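[1] Here is my input; please provide its structure:
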Amino acid sequence: MISLPQAIILSIIQGITEWFPISSSGHLALTQHFFGFQNLPFDVYLHLASILAVLIIFKKDILNLLNLKNKQNIKYIFLIIIAIIPAFIFGILFKKYITASFHNLTFIGIFFIFSGLIIYLTKFTKETRTEIKSTEALFIGLMQVFALFPGISRSGMTISAGLFTGLKKQQVIKFSFLLAIPLILGASLAEAPQIINLNIAYPTLLISFIITLITSLITIKFLLKIIKSNKFYLFGIYNIVLGILVLGYSLF
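    Modelled structure (predicted):
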């Protein structure tokens with residue numbers, strides 16, 4: 001059973017690392033490794049709190065998108081669906097390998113380094129366009145597939161992919177965050193039986209949810225400012241350094 005102090009630590013880590021492009025799954029896997037357990041259903045449960053933070057911050061965009069009388073909204077929803085499909089298919093076909101990677105620190109270290117390199121390369125991107133095309137949505141979706149593995153950030157991959165296409169930061173941020181909603185809800189639905197049967201005290205679950213939600217809200221606000229200030233690539237350096245440390249620890 002996860003103790004309250006452990007749950008609080010994991011909740012804070014989830015709230016910060018889910019939205020900062022430094023991989024929540026990687027950080028949770030590392031933390032749980034040192035705690036001496038791996039509890040993926042609890043990780044997924046914490047993701048629900050993170051998604052609630054997105055719903056709160058982007059509520060106007062979401063409500064506006066639900067107006068299906070607007071053809072642009074229908075097109076945008078279609079683009080989100082296109083971007084979801086690759087991760088959905090890959091996640092089903094290779095679930096066993098993805099799950100196994102959470103227990104391998106060597107892989108996690110390599111994934112952190114890979115994620116860091118991709119994010120750092122955004123330093124050299126330029127904004128040239130405002131509208132997302134279907135091919136760009138697919139590219140973002142394909143990049144998101146990498147984030148199924150621990151150590152590779154979902155927000156890092158999707159935001160980086162959007163910036164590589166020349167899209168303006170505001171458009172990339174919006175698309176990345178809205179894309180997270182169906183993906184994480186889908187993963188939660190798949191793990192629903194395990195989440196329901198979590199052997200964790202209800203007060204601990206409630207406290208964990210609240211802490212993750214508050215931390216996520218604060219983190220998202222900071223991330224929006226960081227991206228707009230052209231400092232997003234600095235997260236790449238963090239990932240690379242952490243990846244080297246994890247890789248070194250696992251090998252030596």
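[2] what ranges do the helices span in the chain?
    With helices called from DSSP state H, the chain shows them at 4-17, 24-35, 40-57, 59-65, 71-93, 95-101, 105-120, 134-146, 154-164, 169-190, 192-196, 202-228, 234-251.
[3] Show me what counts as buried in the fourth one.
    By neighbour count with 16 or more other Cβ atoms under 10 Å, helix 59-65 contains the buried residues Leu65. Using the backbone N, CA and C atoms, a C-beta is placed for each residue, glycine as well.
[4] same check, this time on the third one
    Judged by neighbour count using 16+ other Cβ under 10 Å, the buried positions of helix 40-57 are 40-54, 57.
[5] now do the shortest one
    By neighbour count, and taking 16+ other Cβ under 10 Å as the criterion, the buried residues in helix 192-196 are Ile195.
[6] List the contacts of it.
    Contact with helix 192-196 is made by 40-42, 44-45, 188, as judged by Cβ atoms under 8 Å, 6 or more residues apart in numbering.
[7] same question, the first one
    When contacts are taken as Cβ under 8 Å, 6+ apart, the neighbours of helix 4-17 outside the stretch itself are 2, 23-24, 26-28, 31-32, 35, 42-43, 46-47, 49-50, 53, 153, 200-201, 203-205, 207-209, 211-216, 218-219.
[8] how much space is there between the residue of the chain most remote from its centre and Ser3?
    Distance to the chain centre peaks in the chain at Lys69, reaching 30.6 Å (criterion: Cα atoms, centre = their mean). If you measure Lys69 against Ser3 using Cβ to Cβ, to the nearest Å, the figure is 51 Å.
[9] quick one: contacts of stretch 213-221?
    11-12, 14-16, 18-20, 49-50, 52-54, 56-57, 177.
[10] Return the set of buried residues in that stretch.
    Buried residues in stretch 213-221, counting neighbours by 16+ other Cβ under 10 Å, are found at 213, 215-217, 219-220.
[11] mind listing what Tyr233 touches?
    119-123.
[12] tell me which of those is nearest to Ile181?
    Distance to Ile181 across the contacts of Tyr233 (Cβ to Cβ) is lowest for Ile119, with 21.9 Å.
[13] Quick check: the closest one touching Lys231?
    No: counting by Cβ atoms under 8 Å, Ile119 does not reach Lys231; the two are 11.3 Å apart.
[14] Compare these two (neighbour count), which wins?
    Counting neighbours by other Cβ atoms under 10 Å for Ile119 and for Lys231 shows that Ile119 has the greater number, 27 against 11.
[15] That one and Phe232: what is the separation?
    Distance from Ile119 to Phe232, by Cβ to Cβ: 7 Å.
[16] which residues are in contact with both of the two?
    Here Ile119 and Phe232 have Pro21 as joint contacts, going by Cβ under 8 Å, 6+ apart.
[17] Could you turn the buried ones of the contacts of Tyr233 into a ChimeraX selection?
    To isolate the buried members of these in ChimeraX, using 16+ other Cβ under 10 Å:
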select :119,120,122
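[18] Could you dump the contacts of Tyr233 into JSON lines and include pLDDT?
    Below are those laid out as JSON lines (pLDDT from 0 to 100):
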{"residue": "Ile119", "pLDDT": "97"}
{"residue": "Tyr120", "pLDDT": "98"}
{"residue": "Leu121", "pLDDT": "97"}
{"residue": "Thr122", "pLDDT": "96"}
{"residue": "Lys123", "pLDDT": "95"}
